[in-house]
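Q: coords please:
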Amino acid sequence: MDEVSNTALMKKNNMIRNIINQSNKGTKSPFRRILSRTLLVFLPIFILMFIGSLSILLVQERMELRVLLSAKESQVNNKLDNIETEIDHVIDNLLILSLNKGVVKVLEDGDSSLAVKLLADDFKNLSAYYKFYDQIRLINENGDELIRINFINGQSSAVPESELQNKKDRYYFKDAFKLDKNDVFVSPIDLNIEEGKIEAPLKPVIRFATPVFDSKGVKRGVILFNYLGQTILDQVDKTMMLLNSDGYWLKGSSPEDEWGFMYENKKELTFQNRYPAEWLKIQNEDASQFINEKGLFTFKTIYPLKGVQIKQKKHSSSLVSSDKKLVSSHYNWKIVSYTPLDELYLKRDRTRKYFGLLMTFLFVSLLAVSYRLAKAQHYRREALKSLKISNDTKDKFFSIISHDLRSPFNSLLGFTDMLIKNYDTFSDEERMSIIETLNASSKTTYLLLENLLSWSSSQTGSIKFAPQKIEIKDLVQEIILLSKSTADKKHIDLVDNTEDNQFVYADKNMLSTVLRNLITNAMKFTESNGKVIISSERSTKKGFVKISVMDTGIGIPANIIDNLFLLDKNISTLGTDAEKGSGLGLILCKEFIEKQGGEIYVESEVGKGSQFKLILPE
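A: Numbers count the residues shown, from 1 in each chain. Okay, here's the model as predicted:
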C-alpha cells in the first residue's frame with residue numbers, strides 16, 4: 001500500500017507541474033511578438049505602396065519634363081517663325097515698292113515736282129501704316145536723296161528738298177547699287193548713329209536696300225529702308241535671348257549686357273565668356289536642346305539674310321567701321337531659351353517634398369494601424385489561449401482534488417484500519433513502523449496540499465503582496481527552529497551565517513515559504529552528519545542582498561540543473577533517506593522571488609553539494 005501511495009503522489013506532482021507550467025507560459029512581455037506581427041503586416045503593404053507611388057511620381061516627372069521641353073521648343077520655334085516672317089515681310093515691301101511706276105517716273109523725270117510728291121505720299125502712307133520704318137529713301141545713281149520720309153514720334157513726314165543729302169559715300173548705297181535687279185542688301189542689326197554718336201534712346205536699326213531701274217532697264221538708283229529693329233527684338237520675351245553670330249547679346253535678360261559690340265568698354269560682355277561650354281555647342285549646331293548643371297538650354301539659328309546680299313559693319317571702335325562682305329549662311333542670330341536649374345526643377349522639388357510628407361504620414365498612419373491590429377490579434381489569441389489554459393487548469397485542478405488527493409488519504413485510512421483491527425497481533429516494532437509510515441505520508445500529503453493551495457492562491461491573485469523591511473537573521477532563526485526536529489533526526493547541522501542588521505525589502509510570508517522550501521530540500525538531499533549553511537552578504541548588484549542556502553549533500557547533475565525550474569520537466573528525486581517531495585517547492589520559490597523583483601539560481605557539483613542563491617532588493 002505504501003508503494004501505491006508513492007506512485008499516486010508522483011503522478012499528482014507531475015500533473016501539478018504541468019498545470020503550473022501551462023499557467024505560466026506566455027507571461028513574458030508580448031512587445032516583441034506584437035512588433036514582429038506589426039512588421040509582417042506593415043512592411044509588405046508600405047513597400048508596395050511606396051514603390052507604386054514612387055513609380056507614378058517618376059513617370060509623372062518624366063512626362064512633365066517632356067511637356068516642358070516640348071513647350072520651350074515650341075516657344076523658340078514660334079519666335080523664330082515670327083522673326084523670319086517679319087524679315088520676309090520687309091523684303092516683300094521693299095521689292096514691291098521698287099516696282100512702283102512712280103519710282104520710274106521720278107527717276108526719268110527728276111524735275112517733275114508732281115511725280116515726286118505723289119511718290120512721297122506713297123512712301124508716307126507705307127511708313128504710317130507699318131510704323132516700323134524709321135526712314136524710307138529713294139536715292140539716284142549719283143547718291144542724291146530724291147525722297148526721304150522720316151517716322152518720328154508716331155508721325156510720318158517728308159523731308160524738305162533743301163534738307164536732302166548726298167549719300168554716295170555711304171557703304172549701304174555703294175553696296176546696294178552694285179546689286180542686280182530683285183537683289184536685296186541687308187545690313188547687320190546695330191544701333192543708329194547720328195553725328196558720330198550712338199543715338200539716345202537706343203534705336204536698333206537694320207538697313208534694307210534694293211536697286212531700281214528705269215523703263216529701259218538702266219540702273220538709276222536704290223530704295224532704302226531704315227527698319228526699326230526693336231520690332232524684332234520685342235518678339236523675344238524675358239525668358240529668351242537673341243545673340244548675334246559673335247555671341248553678343250542683341251536682347252538679353254539684363255539691358256546692361258546688350259549691344260556689347262557697339263561699346264569699347266563692353267567688348268567682353270559675350271555669351272561665350274559667361275557660358276563657354278554652352279556657347280561651343282550652340283555655335284556649332286543649328287538647333288538643339290540640352291540640360292546641364294546650369295539649366296535647360298533650347299536654341300535655334302535664324303538666318304535672316306538667306307538668299308539676299310548682306311553687309312556687316314565690323315566695329316573696331318564705337319565710331320569707326322569697316323566694311324566686310326559676308327556669306328549669308330555665316331551671318332546668323334541665335335535665339336536661346338534659358339531656364340536655370342533651380343527654376344527647371346522647382347515644381348519637381350516641391351512635388352517630391354509633398355511626396356515625402358505624404359509617405360511619412362502614410363508610414364506613421366499605416367504603422368499605427370498595423371500595430372493596433374497586431375496588438376488586437378495578439379491579445380485576442382492570448383485571451384483564447386488563456387481561456388483554454390484556465391479551463392484545462394480548472395479541469396486538472398479538480399482532477400487532483402477529486403482523485404490524486406484521495407489516494408494518499410485512502411492509504412492513511414487503510415493503514416489506520418489495519419492498525420485498529422490487528423493492533424494486538426503486531427509487535428511493537430511493526431506498530432512503530434506503521435506509525436512512522438503514516439507520519440511520513442501525512443507530512444508529504446500536507447506539504448502537497450500546502451503547496452497546491454499556495455499555487456492556487458498565486459494564480460487567482462488572492463495572495464496579497466505586502467513588501468516590508470525584514471531582518472534576515474530573525475527570519476532565518478525562526479525557520480531553523482521549525483526545521484530543527486527534522487535536522488536532528490538526520491543528524492544535520494543547521495548553521496546560520498547571516499550577517500547581523502542586514503535587511504531585505506520583501507514580502508515576509510513569501511520569503512519565509514521560499515527559505516523553508518530551500519532548507520527542507522537541502523536537508524532532504526544531505527546525508528546524515530552533513531551541514532546546511534544559510535548566509536547573507538551584499539550583492540555585487542547595487543541595492544541588492546544575496547542570501548545563500550548551501551548544503552554538503554549529494555549535489556545535482558548538470559543535465560538536471562537547467563530544468564529545475566521548468567514545470568514541464570519531470571524532476572522528481574528521492575532524498576538520501578528516500579524522502580518524497582511535492583515537486584512544487586522550487587517552482588513556488590522561483591515565482592515568489594521574481595514577484596518581488598529578485599532572482600534565484602543554483603550552483604552545484606555532484607558529490608560536493610549544492611548552493612541556492614537569492615538576489616533580493618534591500
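Q: helix/strand/coil for the nearest residue to Ile519 once chain neighbours are set aside?
A: Nearest non-adjacent residue to Ile519, counting by C-beta to C-beta, 6 or more residues apart in numbering: Ser483, 5.5 Å away. From N, CA and C alone the C-beta is placed, and that goes for glycine too. At Ser483 the chain is in helix, as set by DSSP: H, G, I helix; E, B strand; the rest coil.
Q: How about the contacts made by Ser483?
A: By C-beta atoms under 8 Å, 6 or more residues apart in numbering, Ser483 lies in contact with Leu494, Arg516, Ile519, Thr520, Met523.
Q: so what's the last one up against?
A: Okay, so that is Met523. Counted by C-beta under 8 Å, 6+ apart, Met523 has contacts Ser483, Thr486, Ala487, Lys490, Ile492, Val532, Asp551.
Q: Can you add secondary structure, distance to Leu419 and pLDDT and give those back as JSON lines?
A: Formatted as JSON lines, the contacts of Met523 follow (DSSP: H, G, I helix; E, B strand; the rest coil; distance: C-beta to C-beta, whole Å; pLDDT from 0 to 100):
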{"residue": "Ser483", "secondary structure": "helix", "distance to Leu419": "29", "pLDDT": "81"}
{"residue": "Thr486", "secondary structure": "helix", "distance to Leu419": "24", "pLDDT": "78"}
{"residue": "Ala487", "secondary structure": "helix", "distance to Leu419": "29", "pLDDT": "84"}
{"residue": "Lys490", "secondary structure": "coil", "distance to Leu419": "26", "pLDDT": "84"}
{"residue": "Ile492", "secondary structure": "coil", "distance to Leu419": "30", "pLDDT": "90"}
{"residue": "Val532", "secondary structure": "strand", "distance to Leu419": "34", "pLDDT": "92"}
{"residue": "Asp551", "secondary structure": "strand", "distance to Leu419": "35", "pLDDT": "91"}
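Q: Nearest to Glu258 among the residues you listed?
A: Glu258 has its nearest neighbour among these in Asp551, at 105.8 Å by C-beta to C-beta.
Q: Specify the local secondary structure of the spatially closest residue to that closest one that is not a sequence neighbour.
A: Sequence neighbours aside, Ala522 is the residue nearest to Asp551 in space, at 3.9 Å (criterion: C-beta to C-beta, 6+ apart). Recorded secondary structure, Ala522: helix (three-state DSSP).
Q: Please work out how many residues are found near Ala522.
A: 27 (other C-beta atoms under 10 Å).
Q: any idea how far Thr445 is from it?
A: Applying C-beta to C-beta, to the nearest Å, the value for Ala522 to Thr445 is 22 Å.
Q: Just the pLDDT at Lys542, thanks.
A: Looking at Lys542, its pLDDT reads 89.
Q: ditto for Gly585
A: Gly585 is given a pLDDT of 73.
Q: CSV for the contacts of Met523, including distance to Ser113?
A: CSV is the format used below for these (distance: C-beta to C-beta, whole Å):
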residue, distance to Ser113
Ser483, 152
Thr486, 156
Ala487, 156
Lys490, 158
Ile492, 156
Val532, 150
Asp551, 148
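Q: which one of those sits closest to Ile435?
A: Thr486 (16.9 Å).
Q: hang on, isn't the closest one packed against Thr520?
A: Yes - contact criterion C-beta atoms under 8 Å: Thr486 and Thr520 qualify, at 7.4 Å.
Q: Between these two, point out the one with more neighbours.
A: Neighbour tally, Thr486 and Thr520, criterion other C-beta under 10 Å: the higher count belongs to Thr520, 20 against 16.
Q: Cheers, nothing more for now.
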